[in-house]
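Asks: Here you go, sequence then predicted model.
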Amino acid sequence: MAEITLRINGSAETLDVQPQVSLLDALREHLGLTGTKKGCDQGACGACTVLADGERINSCLALAMQYEGREITTIEGLDHPLQEAFVRADGLQCGYCTSGQICSAVGMLAEHKEGAPSAATEDLEAAEEELSDEEIRERMSGNLCRCGAYNGIVSAIKEVA
Amino acid sequence: MRSFSYVSAPDVESALTAIASEGAKFLGGGTNLVDLMRERIEQPETIVDISRLPLTEIEELPDGGVRIGALVRNSHLAAHRVIRVRYPVLAQAILHGASAQLRNMATVGGNLLQRTRCLYFYDEAAPCNKRVPGSGCGALGGFARNTAILGTSEHCVATHPSDMAVALTLLDATIEVESSRGTRRIPIADFHCLPGETPDVETVLAADELITAVELPPVPVARNSRYRKVRDRASYAFALVSVAAALEVEDGVVRTVRLALGGVGTKPWRAREAERVLTGTPATADSFRQAADAELAAAVTLPDNAFKTGLAQRTIVATLRQLTEGSPA
Amino acid sequence: MTVVGAPIDRVDGKAKTTGAARFAAEYALPGLAHAALVYANIARGRITALDTTAARAVPGVLAVLTHQNSPTVKPAPKVSMLNLSTLVSGTQVNYLQTDEVHFDGQPIAVVVAETSASAKEAASLIRTEYAAMESTVDFAAAEPDAKVQPNNPLMRGEEKKGDAEKALSEADVTVDLRFTTPPHAHNALEPHSTTAVWEGDHLTVYDATQSIDWVRSHLAVRFAVPTGNVRVLAPFVGGGFGGKGSVWAGTLLAALAARATGRPVRLMLTREGVYRTVGGRTASTQRVALGADRDGKLRALIHASVARTGRVGGMPEQITSQSRHLYDAEHILVRQSLVELDLLPNTFMRAPGESIGTFAVEAAIDELAAELGMDPIALRMRNEPAVNPMDGKKFAHRMLREAYTLGAEKFGWHERTPEPGSMRDGRWLVGMGVASAYHPANRFAANVTVRLSADGTVLVRCGFQEMGMGGATAQAQIAADALGVPFEAVRVEYGDSELPMSPGAGGSMQTASIANSLLEACEKVKHSVQALAKRTGGEGYEDILRRANVPHIEAAVGSDTRFGRIAGQARFMTNFLLEQRRWVKAAAGVQFCEVRVDRDTGEIRVSRWLGVFDIGTVINHKMASSQLRGGIVMGLGMALSEETLIDPRTGRIMNPSLAEYHVPVHADIPPIDVSFLDDPDPTMPLGLLGAGELGITGVAAAVANAIHHATGNRVRELPITLDKVL
């Protein structure tokens, strides 16, 4: 066990963890922040997506100790128009992937704003591609939704972008 | 996951000191190693966290090349303007791998060390010569859709899963490593090993060596380059076949060509035979096909992966055709 | 003012978009311990040695439970139609009670520890030796030995009209085809999770289940306590699709671990654990043979399937179900056969039977149309029956003609040039395909209470399950209209076995089942209010209740006493059988698909989708559209990429992972245009038919037909991966 301090949603949280504890388990099991979900624990579904210094990551593959000193934002720390847009566009059903979808979309919009390309970007030299449906779908493909709410998620993101 | 002790290294020197302990492993982005530890395939006794090392710069070199710190995140590399303009194949390869979240975590050095996605490697109950030398190969006679057709041995048919490494192979990147014995520079072609009789040995990297940087030489032809990845869904899946290609055509004749393949080789596969056959021939679909066939003549297939020979050939032809259309005539 | 039909936002949307919604593994009970499972890795045999020394030595480990030291658990009850909760057991294996192994993946030990990390580490240190016994795990090898499925009260294993084989041999134009479909996994994003706590002989479980009431009955039997001592809570369930319809090992073992340690225990299965311990959809082989006159009139329709169950459980899938109702063939033969394998039993997965059955029959119809040189829609309309083809029973509601007409127009079917390979767009070969969707409609008994308060608010209580279908929103809409109150005045309580008994969420029956009782309860409330008004006067609920000095009026439908439940179930069975004799009821529709196939690589992209559906009255257009889209998305996975790989040498699932089992991602899914005919079914409450399963049916066929149109290739083997198209 080791004592670490994580910066979560703007506040410092001190906790005792074993080195093998992931950031995801630290959030869910040690800090009671269960809004971040575990779907696969192997980086294959995106349900555990959180923002680290504003960048989206899979918290299941992040060891908690490795993220000491980084600014972590979870769904509980978000107050973003996307959240209401998801409800309006019905970009969710069971709700289990939703936190990850929303955190991922927040990170994605920031990436796009900074001009980051995606696999759907045809012209890599162009300064900024428009955020087309195809771009949104490619950029959000790291977040599975088994209920199949993909259309609604894309609509919600377009509404806010 | 087995328990381990954790050391965070503030600088290269302390990382190299910490790695000397028995059973120690470096941890970069964690996207592959943490998963493998959870699957009990990797069981390090000590984790040396190198993610805070100051190896995160992308520098343009005087000769027109680029030096990439080993801890540059995949997403940052792909978004870098110089890479996008001079080496689009590399940006595309990275962007076709994994997901945005994983690319934000994964490092350049770690990507080179990704381990195979062979189903039998991933299952501790299955025989696998890579995981447990001498235990046999479950993929032979088993599910082998995602296995290799080039560079295989009777002991192992596992593919190297990286997209980025295929592009780096195309670009003749050099990998800089450091250890307590000093620095050495390894051409990427020599970095990954064929399985032969020792599929557990995947690279020439010693256990105590740290990748510190990857250098790209100037590759003018790479300005007209592409990465084409064919997979079982539209995104977020490993390659069945991928093609990295760079092409320069002058007066309808192939002046310079570089070609590398993913998803089909036991290591990132530079298609030198195809390059040799193609250089100096007319830039036509026929020539492309002949070049692809020349490379794939060495393919050894299993019932599950036999389709990859034809798929690789057609993907090579399609990618070169696309580059021909984009190439200044 | 009607709210039924309105596209109201789901009421739990905020809880789900802020992270506030709590799922089964998210209850931080005081003293909570964590459990992890160890799985057998042989298909059949006995455990000869089990070394837990290293596991017990891991700091924080509280207990390692195996067959050598587990508390006693009663065996699963035998299946009985007199007590339908006996259907809920996923397998008949009594875990940790004997040294026997019945399938690869069977849990053989549970570790309980202070943290999940310690539990998992300890689980990885358990060493087991086995004496393997001969096993049958290879579906393809066993298939020739399949036996015709015995009849059950819901469906006969074989049905005939006339002599279909003879008619086939005499028909002008025939197709006689073999289709195969692989095993599938639900992959609800929430892994199966249970938090269990015992207080004396009282058990509370927070469980990821779509079957609250039956889980409660089942746990009571297994742990030998009165049913009333067990409480099951499932306010939010992270997707189910049938995979959470049964009691699987995780739920039982969490309760067992809690009992053995005296601590509240949380067990969240790993993704691998879900694959190893929760059944999925059976593999199938199907023969569809069709014989027709030159003008397209069907003379013979044969649909014969082979599927599998497990030696320790599983259920037959109604693969030929839709083939009994879709086409007016003169001679029909349907037959379902089964093999029994030493594998984790199969289970319900979204439209069990029809999802894969519609693939075969609707692809075969397309092939027959091509043989006849007919448009596939024209061929279907040529054979659209007026009454149920098998026996002349009436259709309760049948609007396939209307669905095809509207769909063809909206999709632009007339722009399709019939010749395969004739439509191109650059490097893409473009194809358009169509298929029918079909799913039987039913309802179960449900108990509901409705309370109207003097402040004008309404509380609806029913222990149903919410996995994303939007049950609370839909039932609030129904209650609002039934009572004539604003939608916002209605609150719905659900997801708790303490509430009036709801049937499980399955068979697309939940909404209709509850609506039926809810409407009746609302009527009772209105009658009571009217009676009050006669006595004390007043206008409007609030006024009447205030004048009468009555704080609230409550009405109940159904009784949760033991006898009440038996009576309810008997009423249901009687009603079900009577209705089955009178009507053929179903939701139906049509799926239109446009695909693009890369001419070089065979990569398939679905570029456009349109569905027109008859689900009777639509309660909430927004949520119903989402549910249909969800079915279509899962159908696209089934069509193009999904397959559970079971190694025929070992019976072991080799891709127990979301990385290697490919469910569709965002990039795979085009805009999906969903329309409803919105015409009430006269035999169902409010005229509504279920929407949960219909969407997946017909999808794989529409894709396969479109791929044929694009490329000229017929692929009869799912999933249709690019190598099969090249």
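Replies: In hand now; what should we look at?
Asks: Now do the SS call for residue B:249.
Replies: Three-state assignment for residue B:249 (DSSP: H, G, I helix; E, B strand; the rest coil): strand.
Asks: what bridges to it?
Replies: Assessed by DSSP bridges, residue B:249 has beta-bridge partners residue B:254.
Asks: mind checking how far it is from chain A?
Replies: Separation of residue B:249 from chain A (CB to the nearest CB, to the nearest Å): 20 Å. Glycine gets a C-beta too; all of them are placed from N, C-alpha and C.
Asks: Based on its surroundings, how many neighbours for the residue of chain A found nearest chain B?
Replies: Proximity of chain A to chain B (CB to the nearest CB) peaks at residue A:142, 2.4 Å away. Counted with other CB atoms under 10 Å in any protein chain shown, the neighbours of residue A:142 add up to 28.
Asks: neighbouring contacts of the lowest-mean-pLDDT helix or strand in chain C?
Replies: In chain C, no helix or strand scores lower on mean pLDDT, DSSP states H and E than helix C:562-582, which sits at a mean of 81. By CB atoms under 8 Å, 6 or more residues apart in numbering or on different chains, the list of residues contacting helix C:562-582 from outside reads C:81, C:83-84, C:153, C:393-394, C:442, C:444-445, C:447, C:501, C:558-559, C:585, C:683.
Asks: cool, and stretch C:69-86?
Replies: C:87, C:89, C:91-92, C:94-97, C:153, C:213-214, C:217-218, C:221-224, C:252, C:256, C:259-260, C:569, C:573.
Asks: 7 Å instead?
Replies: Contacts to stretch C:69-86, defined as CB atoms under 7 Å, 6 or more residues apart in numbering or on different chains, come from residues C:87, C:89, C:92, C:94, C:96-97, C:153, C:214, C:217-218, C:221-224, C:256, C:259-260, C:569.
Asks: follow-up on the earlier one: what separates the least confident helix or strand of chain C from the chain centre, distance-wise?
Replies: Distance of helix C:562-582 from the chain centroid (CA atoms, centre = their mean, to the nearest Å) equals 22 Å.
Asks: May I have that helix as CSV, with CA atoms only?
Replies: What follows is helix C:562-582, C-alpha atoms only, in CSV (Å, rounded to 0.1, in the frame of the first residue of the first chain):
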residue,chain,number,x,y,z
ARG,C,562,-48.5,-16.4,-2.6
PHE,C,563,-52.0,-17.3,-3.7
GLY,C,564,-52.4,-14.0,-5.6
ARG,C,565,-49.2,-14.8,-7.6
ILE,C,566,-50.4,-18.3,-8.4
ALA,C,567,-53.7,-17.0,-9.5
GLY,C,568,-52.0,-14.3,-11.5
GLN,C,569,-49.8,-16.9,-13.2
ALA,C,570,-52.8,-19.2,-13.9
ARG,C,571,-54.7,-16.3,-15.3
PHE,C,572,-51.8,-15.5,-17.5
MET,C,573,-51.3,-19.0,-18.8
THR,C,574,-55.1,-19.4,-19.5
ASN,C,575,-55.2,-16.0,-21.3
PHE,C,576,-52.1,-16.8,-23.2
LEU,C,577,-53.3,-20.2,-24.4
LEU,C,578,-56.7,-18.7,-25.3
GLU,C,579,-55.2,-15.9,-27.2
GLN,C,580,-52.8,-18.2,-29.0
ARG,C,581,-55.8,-20.2,-30.2
ARG,C,582,-57.6,-17.1,-31.5
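Asks: Next SSE downstream of that helix?
Replies: Toward the C-terminal end, the helix or strand that comes next after helix C:562-582 (DSSP states H and E) is strand C:583-584.
Asks: Report the buried members of the contacts of stretch C:69-86.
Replies: C:87, C:89, C:92, C:94, C:96, C:214, C:217-218, C:221-223, C:256, C:259-260, C:569 (16 or more other CB atoms under 10 Å in any protein chain shown).
Asks: what's the longest helix along chain C packed up against?
Replies: Looking across chain C with DSSP state H, the single longest helix is helix C:510-536. Here helix C:510-536 touches strand C:448-453, helix C:471-483, helix C:541-547, strand C:552-557, going by 3 or more CB pairs under 7 Å, 6 or more residues apart in numbering or on different chains; DSSP states H and E.
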